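below: sequence and its predicted model.
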Amino acid sequence: MSEISESLMTIEEVAEHLRVAKSTMRNKEFRQRLGLKSVRVGKSVRFRREDVEAFVKSNVEGGKDA
């Protein structure tokens with residue numbers, strides 16, 4: 001597997017990582033509110049791991065950006 005494909009996360013993986021329901025992550029409006037950009041691979045939606053990690057880091061209470 002290439003480095004790029006390994007850095008992409010599925011909806012299921014992101015949902016588990018953020019501890020939200022898969023159906024919530026499938027909601028495009030929810031993803032837009034979070035500011036998570038997605039990549040379409042055929043009919044599948046993927047997210048860059050670094051974008052997900054940046055989102056978590058920027059939303060930690062007491063963090064620099066909070």
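Cool, got the structure.

by residue count, which strand of the chain is the longest?
Counting residues, the longest strand found in the chain (DSSP state E) is strand 44-48.

quick one: strands adjacent to it?
Using DSSP bridges, the neighbouring strands of strand 44-48 in the sheet come out as strand 8-10 (antiparallel), strand 39-41 (antiparallel).

ok, which of the ones you listed comes nearest residue 60?
Residue 60 lies closest to strand 8-10 among the strands paired with strand 44-48, at 18.9 Å (C-beta to C-beta). C-beta coordinates here come from the backbone N, C-alpha and C atoms, glycine included.

right, and the helix or strand after the closest one?
On the C-terminal side of strand 8-10, the nearest following helix or strand under DSSP states H and E is helix 11-18.

roughly how far is that following helix from the heart of the chain?
For helix 11-18, the gap between its own C-alpha mean and the chain's C-alpha mean amounts to 7 Å (C-alpha atoms, centre = their mean, to the nearest Å).
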